[in-house]
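> Sequence unavailable; structure follows:
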């Protein structure tokens, strides 16, 4: 067996789509085991799998669904009020949740407080551009009746922390905080459902499903200090810093199934762990009680990715006599994360309205991967991610309905509105008609609209609820595979191997702060 054909056999085992090459029957298939000792953990080239020795292959070609995805430390920032204002919160944030935005916001505290945050996420997608028909060797031509590619729904923890003044330094207290919070989103579980029918002749429709359920994120145990260093009429400046002890994981469980009697489900289990340490610095300033400024940087740091492996087994057709099981250990590596920065401004209240704007810069393309393995030499190179620059706008004002009644009861009800331009750190697939799709093409761009309400009470408890509607479109691999050989299909035009996904994501967020 040639090195090329053996690698494709490995790919076929990982995809688990050999169901389309056989017909149902009874019996117990035997297991053919494949072992991949050292997959390269990043994209190695457009030409296809890169093989070192016998079976070493890059993850982008073997399991593209774990590479073609965003890294996102912006959506993980806590607070329903902040999300409702479009993420324009850097200059306004105060209290414990400042540890997830700008630690300088702790310096404005005079009393101890605790805060909690969580969110629900759901999505819907419309797909287009998938092939009308696909051909399988030895079978009639199949017509693709429907193809859905959508994100899974999740419920996630966001933030739990508290902050308190620890010592008086001059006119103002030194404030300390501790929190456990979501730091970076890494899970991106998708479900794919494809309905097929035989184009000609007698047959029955059947559906193939690939349900990737993922959990996990990079989380941080955060320790912060802040102090209002300057406090004079018409001007104040607060400074702060945070130490983040990072720990995280990704756990992915894929079920592969068809609605054909006699076939057992296939599966794919994938995991990886993360750990690291990062430092953040923040600044806030207020001018004449009408203008506030905010600045934040995350210093460069190393994020270790380790304990990565996967095992997959194709859907079992008893008549074929075998199923393919593939095991792989993915090389551990360090992601060298560059400097990140954010800046913000808030103006008001003017006529009862506060306006805010933020800009966030994340040069993900400057992230380098470095790792060493004695058996295969040294691998290093850039991580395949795009730079992200977001623009965020928000407004906050007191809700006019029942305003007097609520004020008399010691309550203030605020309404927040926001807009965000949110490019993702992932790429779409570029298409040139009649030629192979290009793996990393244009950056995926999105936008979001948000609104919410915040209730502040005389009991020093605040509650916030908000919703964000985000949308984007991009091209993904047909059945998440860049290789025709991988999925057992053939196409008249390789252009058909990319599907257009038009996705909408709704996030419902809740948070609360209690001053002690």
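Done, it's in. Everything numeric here is computed off the predicted structure, so don't read it as measured data.

> buried sites along the host helix or strand of residue 225?
Per DSSP states H and E, residue 225 falls inside strand 218-232. Going by neighbour count (16 or more other C-beta atoms under 10 Å), the buried part of strand 218-232 is 218, 219, 220, 222, 223, 224, 225, 226, 227, 228, 229. Every residue, glycine included, has its C-beta placed from N, CA and C.

> average pLDDT for the helix or strand where residue 380 lies?
Secondary structure from DSSP H and E places residue 380 in strand 377-382. Mean pLDDT, strand 377-382: 73.

> what residues does the helix or strand following it touch?
Counting by DSSP H and E, the next helix or strand C-terminal to strand 377-382 is strand 388-398. Contact partners of strand 388-398, identified using C-beta atoms under 8 Å, 6 or more residues apart in numbering, comprise 74, 81, 84-89, 349, 352-362, 364, 412-425, 454.

> May I see the PyMOL selection of the buried members of these?
Filtering those down to the buried ones (16+ other C-beta under 10 Å) takes a single PyMOL command:
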select buried, resi 74+81+84+85+86+87+88+89+354+355+356+357+358+359+360+362+364+413+414+415+416+417+418+419+420+422+423+424+425+454
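
> Need the per-residue pLDDT for residue 479.
At residue 479, the model reports a pLDDT of 82.

> Could you find the closest non-adjacent residue to residue 495?
residue 433 (5.3 Å; C-beta to C-beta, 6 or more residues apart in numbering).

> Is the one you found located within a strand, as I assumed?
No. Under DSSP: H, G, I helix; E, B strand; the rest coil, residue 433 sits outside any strand and is assigned coil.

> Next, count neighbours for it.
Residue 433: 7 surrounding residues under other C-beta atoms under 10 Å.

> again, but for the one 4 residues further on
When counting by other C-beta under 10 Å, one arrives at 19 neighbours for residue 437.

> same thing with residue 507?
Residue 507 has 21 neighbours, counted by other C-beta under 10 Å.

> Bridging across strands, which residues link to it?
Judged by DSSP bridges, the bridge partners of residue 507 are residue 121, residue 468.

> for this protein, which spans come out with low pLDDT?
In the predicted model, the chain carries pLDDT under 70 at residues 1-29, 42-56, 137-138, 201-204, 317-320, 372-378, 484-488, 494.

> which one's the longest strand in it?
strand 235-258 (DSSP state E).

> Now do it and strand 218-232, the angle between them.
Here the directions of strand 235-258 and strand 218-232 differ by 170 degrees (axes from the mean of the first three to the mean of the last three C-alpha atoms, to 10 degrees).

> Run me through the strand neighbours of strand 235-258, direction for each.
The pairing partners recorded for strand 235-258 under DSSP bridges are strand 206-215 (antiparallel), strand 218-232 (antiparallel), strand 266-287 (antiparallel).

> what comes up buried for the longest one?
Residues of strand 266-287 classed as buried by neighbour count (16+ other C-beta under 10 Å): 266-268, 270-276, 278, 280-286.

> returning to that earlier point: now tabulate the strands paired with strand 235-258 in a markdown table and tack on distance to residue 439.
Listed next are these as a markdown table, based on distance: least, C-beta to C-beta, whole Å:
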| stretch | distance to residue 439 |
| --- | --- |
| strand 206-215 | 20 |
| strand 218-232 | 25 |
| strand 266-287 | 20 |
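
> I'd like to know which of those strands is closest to residue 174.
strand 218-232 (5.1 Å; C-beta to C-beta).

> ok now the closest one, how far from the chain's centre?
26 Å (C-alpha atoms, centre = their mean, to the nearest Å).

> in stretch 142-157, what's buried?
Buried residues in stretch 142-157 (16+ other C-beta under 10 Å): 142, 143, 144, 147, 148, 149, 150, 151, 152, 154, 156.

> quick one: the host helix or strand of the fifth one to strand 206-215, angle?
The reference is to residue 148. Residue 148 is located in strand 142-151, with elements delineated by DSSP H and E. Interaxial angle, strand 142-151 versus strand 206-215 (the same axes, to 10 degrees): 20 degrees.

> Distance from the helix or strand just after strand 142-151 to the middle of the chain?
Downstream of strand 142-151, the next assigned helix or strand under DSSP H and E is strand 154-169. Offset of strand 154-169 from its chain centre (C-alpha atoms, centre = their mean): 23 Å.

> Give me the phi and psi for residue 89.
phi -140, psi 0 (degrees, to the nearest 10).

> Look up how far residue 284 lies from it.
Using C-beta to C-beta, to the nearest Å, residue 89 is found at 11 Å from residue 284.

> Repeat that for residue 223.
For residue 223, the distance to residue 284 equals 19 Å [C-beta to C-beta].

> now do residue 187
From residue 187 to residue 284 the distance is 32 Å (C-beta to C-beta).

> does residue 93 sit in a helix, a strand or a coil?
coil.

> Contact partners for it?
79, 82, 101, 102, 105, 294.

> Apply 6 Å and report the result again.
If a contact means C-beta atoms under 6 Å, 6 or more residues apart in numbering, then residue 93 has 101, 102, 105 as its contacts.

> Which of those residues fall in helices?
In this view, those have no member that belongs to helices under DSSP state H.

> Let's see which of these end up in strands.
Using DSSP E, none of the contacts of residue 93 sit in strands.

> Residue 444: how many residues sit nearby?
21.

> quick thing: my sequence starts at 392, can you match it?
Let's use 392 as the start, then, which means that last one is residue 835.

> what's the distance between it and residue 873?
Distance, residue 835 to residue 873, using C-beta to C-beta: 17 Å.
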